[in-house]
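A.B. asks: Return a 3D structure for these sequence lines:
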Amino acid sequence: MRNEQVPDAATLMQISTAYWESQTLLTANRIGLFAVLADGPLGTERIARALGTALRPTRLLLHACVALGLLEQSDEGFRNSRLSSDCLVPGGDRFLGDAIRYADDLYTSWGRLEESLREGKPVLATELYTGESAERTRHFVYGMHNRALAVGQVLTHLVDLTGRRRMLDIGGGPGTYSVLFVRRYPGLRATLMDLPAVVEIAGEIIAAMGAADAVTRVAGDYLTDRFPAEQDVVLISGVFHRETEENCRKLIDAARACLCPGGMLVISDVFTDGSGVSPRFATLFGLNMLLSAADGGVHADMDVVKWLTDAGFIGAQSRCFPPPMPHRVIQGVKS
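C.D. replies: Numbering: from 1, shown residues only. Got it, this is the predicted structure:
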């Protein structure tokens, strides 16, 4: 009889209860736990008073946060871990609390995945977080800003814009990428194009980053409005995962039309490889977009390279961000 290794069923239990950990983080972030501990350790009673929570449940939450590496415990009480101090206390350069709050907004949508699969449409309307709900729109735009600060630091080093003067940032949300690029290339000026409610909030972020004189804003729908002409660079980041192949090709054509000869198209997003099942984050991200955008999903990077080539771009290629970042950047030049 062949000696076969029995599969480890613990993997299934880990997957099935993974939301315990995520909800612990989401809740702690939402109620302001890490901000309360920003100045040093506190005892359970003082933390509960500051948060307005009951004592015994608060103790359970604190212990869970210690187990997850979000807090540390000593005789003085509970304090933020180094990770939480760096990324979960408002005001820090690496703050991710707004991005986590946006993930919090999506949490209940994931509980309706079956509904989305059966009906073939998102359970969360895009309009809700792009203008219809002021609170959710703010969470979305500032959450994208948190993420873009980290992604943009890499993107601006992967893409060489030396000598470029005018960049159009399509669907650029908070305008973070535009700001990071004009900082790196002082002769560059950028135009951010996105929906009215989004660019209004983006104005706050751009001004706070000290780039209001180098980044202008244009309110518009990238699928229906004409792109400003005579651009040296068109950046389309975090947009393709919301669109069908047909609309992605339309965006590529629109970008080509507004570019000067020799102009560069840069597309940055979460893509899979040709198999469609790797990297794992990209496959799960596709489901996340299914829940929150009418045409949401994930594309394969080599498909996008082909679309650029079909549209007349030369030298189209895809490059991965350094691990563990799941993003890829695709570039091509207008012939």
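
A.B. asks: What segments of the stretch 151-300 of the chain are strands?
C.D. replies: 166-170, 189-194, 215-219, 231-237, 259-270 (DSSP state E, counting those that start in this stretch).

A.B. asks: Compare these and report which one is nearest to V179.
C.D. replies: Closest approach to V179 among those (C-beta to C-beta): strand 215-219, 5.9 Å. Placement of C-beta: from N, CA and C, glycine included.

A.B. asks: before we move on, the earlier item: got JSON lines for the strands of the stretch 151-300 of the chain, with mean pLDDT too?
C.D. replies: Output for the strands of the stretch 151-300 of the chain, formatted as JSON lines (pLDDT from 0 to 100):
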{"stretch": "strand 166-170", "mean pLDDT": "98"}
{"stretch": "strand 189-194", "mean pLDDT": "98"}
{"stretch": "strand 215-219", "mean pLDDT": "98"}
{"stretch": "strand 231-237", "mean pLDDT": "98"}
{"stretch": "strand 259-270", "mean pLDDT": "98"}
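
A.B. asks: Take these and write them to a markdown table, including mean neighbour count and distance to R49.
C.D. replies: As requested, the strands of the stretch 151-300 of the chain are exported to a markdown table (neighbours: other C-beta atoms under 10 Å; distance: least, C-beta to C-beta, whole Å):
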| stretch | mean neighbour count | distance to R49 |
| --- | --- | --- |
| strand 166-170 | 24 | 45 |
| strand 189-194 | 23 | 42 |
| strand 215-219 | 19 | 43 |
| strand 231-237 | 24 | 43 |
| strand 259-270 | 21 | 42 |
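
A.B. asks: For T130, find the nearest of those strands.
C.D. replies: From the strands of the stretch 151-300 of the chain, taking C-beta to C-beta, the stretch that ends up closest is strand 189-194, at 8.6 Å.

A.B. asks: L51: which of the strands of the stretch 151-300 of the chain is closest?
C.D. replies: Closest of the strands of the stretch 151-300 of the chain to L51 is strand 259-270, at 34.3 Å (criterion: C-beta to C-beta).

A.B. asks: what residues does the closest one touch?
C.D. replies: With C-beta atoms under 8 Å, 6 or more residues apart in numbering as the test, strand 259-270 has contacts from 151, 155, 159, 161, 164, 177, 230-241, 252, 255-256, 281-282, 285, 298-299, 304, 308, 313, 326-335.

A.B. asks: Buried members of these into ChimeraX, please.
C.D. replies: To isolate the buried ones among the contacts of strand 259-270 in ChimeraX, judged by 16 or more other C-beta atoms under 10 Å, type:
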select :151,155,159,161,164,177,231,232,233,234,235,236,237,238,239,240,241,252,255,256,281,282,285,298,299,304,308,313,326,327,328,329,330,331,332,334
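
A.B. asks: Near Y222, how many other residues are there?
C.D. replies: Using other C-beta atoms under 10 Å, Y222 has 20 other residues around it.

A.B. asks: Check the gap between it and D213 for me.
C.D. replies: Y222 sits 24 Å away from D213, going by C-beta to C-beta, to the nearest Å.

A.B. asks: same check, this time on A28
C.D. replies: Between A28 and D213 the computed distance is 39 Å (C-beta to C-beta).

A.B. asks: So Q231 sits against R166, correct?
C.D. replies: Yes - if you go by C-beta atoms under 8 Å, Q231 and R166 touch, sitting 5.1 Å apart.

A.B. asks: With just CA atoms, put stretch 85-105 into CSV.
C.D. replies: In CSV, the C-alpha atoms belonging to stretch 85-105 read as follows (Å, rounded to 0.1, in the frame of the first residue of the first chain):
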residue,chain,number,x,y,z
SER,A,85,3.7,53.3,15.9
ASP,A,86,5.0,53.7,12.3
CYS,A,87,1.9,52.9,10.3
LEU,A,88,-1.3,53.2,12.5
VAL,A,89,-0.8,56.5,14.4
PRO,A,90,-2.2,59.5,12.5
GLY,A,91,0.4,62.0,11.3
GLY,A,92,3.2,59.7,10.5
ASP,A,93,4.9,59.5,7.2
ARG,A,94,4.0,55.8,6.8
PHE,A,95,0.4,56.1,8.1
LEU,A,96,-2.0,53.5,6.7
GLY,A,97,-5.0,54.1,8.9
ASP,A,98,-7.1,55.7,6.1
ALA,A,99,-6.3,52.8,3.8
ILE,A,100,-7.3,50.3,6.5
ARG,A,101,-10.5,52.3,7.1
TYR,A,102,-11.4,52.0,3.4
ALA,A,103,-10.8,48.2,3.8
ASP,A,104,-13.1,48.4,6.8
ASP,A,105,-15.8,50.0,4.5
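
A.B. asks: residues in contact with that stretch?
C.D. replies: For stretch 85-105, using C-beta under 8 Å, 6+ apart, the contacting residues are 22, 25-26, 29-30, 34-35, 38, 70, 80, 129, 136, 139-140, 142-147, 149-150.

A.B. asks: Now it: buried residues?
C.D. replies: By 16+ other C-beta under 10 Å, the buried positions in stretch 85-105 come out as 87-89, 95-105.

A.B. asks: can you name the two of those that are farthest apart?
C.D. replies: The distance between the two most remote of the buried residues of stretch 85-105 (C-beta to C-beta) is 20.6 Å, for V89 and D105.
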